[in-house]
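Asks: can't give you the sequence, but here's the structure:
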């Protein structure tokens with residue numbers, strides 16, 4: 001079952017990598033086509049391409065995360081600190097992508113219908129909430145690691161100490 005799981009995750013990672021590459025090619029292609037034609041402003045074309053590239057980076061990071069954590073490592077035991085660092089790195093990239101996408105949408109909306117700025121503002125607020133949630137997760141997990149230990153062997157060490165105390 002482990003090999004099947006790794007094959008599925010590897011396939012999903014590859015498909016996501018191809019999708020991210022396609023988004024970048026599509027975004028750049030659309031921007032070049034828009035700049036050549038007179039029906040769309042150059043700035044709008046660049047903002048559209050930037051939006052595609054930002055989403056592509058987030059998709060690429062998901063693919064990388066799946067490959068590194070599920071295909072390469074598999075069922076290997078990880079410490080709590082290592083899992084926290086991995087998740088933090090992954091979510092940090094997603095938060096950055098959300099902030100950049102929100103800024104792109106703010107600029108695009110501000111150039112058009114300013115009354116629609118509520119939607120990009122909501123995206124910015126959601127990005128801030130994800131960042132605050134990540135900070136809370138970091139704080140709580142670091143506190144637990146200090147109390148329990150920074151690896152999964154903490155329970156084994158406690159049990160060993162308890163046996164020594166009861167034997168002695």
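Replies: Looks like it came in fine. Treat the numbers as computed from the prediction; the structure is a model and nothing was measured. Numbers count the residues shown, from 1 in each chain.
Asks: How much space separates the nearest residue to residue 26 once chain neighbours are set aside from residue 3?
Replies: Spatially, and ignoring its direct neighbours in sequence, residue 26 is nearest to residue 52 (6.1 Å; Cβ to Cβ, 6 or more residues apart in numbering). (Glycine included, C-beta is placed from N, CA and C.) Separation of residue 52 from residue 3 (Cβ to Cβ, to the nearest Å) stands at 35 Å.
Asks: Look at those two and report which has more neighbours.
Replies: Neighbours were counted for residue 52 and for residue 3 using other Cβ atoms under 10 Å; residue 52 has more, 21 against 8.
Asks: So which elements touch the helix or strand harbouring the more buried one?
Replies: Following DSSP states H and E, one finds residue 52 within helix 42-66. Other helices and strands packing on helix 42-66, by 3 or more Cβ pairs under 8 Å, 6 or more residues apart in numbering; DSSP states H and E, are helix 2-36, helix 80-111.
Asks: So what touches it?
Replies: Contact with helix 42-66 is made by 9, 12-14, 16-17, 19-21, 23-24, 26-28, 30-31, 34-35, 86, 90, 93-94, 97, 100-101, 104-105, 107-108, 111, as judged by Cβ atoms under 8 Å, 6 or more residues apart in numbering.
Asks: domains of the chain?
Replies: 1-76, 79-168 (automatic domain parsing).
Asks: before we move on, the earlier item: quick one: closest of the helices and strands packed on helix 42-66 to residue 67.
Replies: helix 2-36 (4.1 Å; Cβ to Cβ).
Asks: Buried ones in that closest one, by neighbour count?
Replies: 6, 9, 12-13, 16-17, 20, 23-24, 27, 31, 34-35 (16 or more other Cβ atoms under 10 Å).
Asks: Many thanks, we can stop here.
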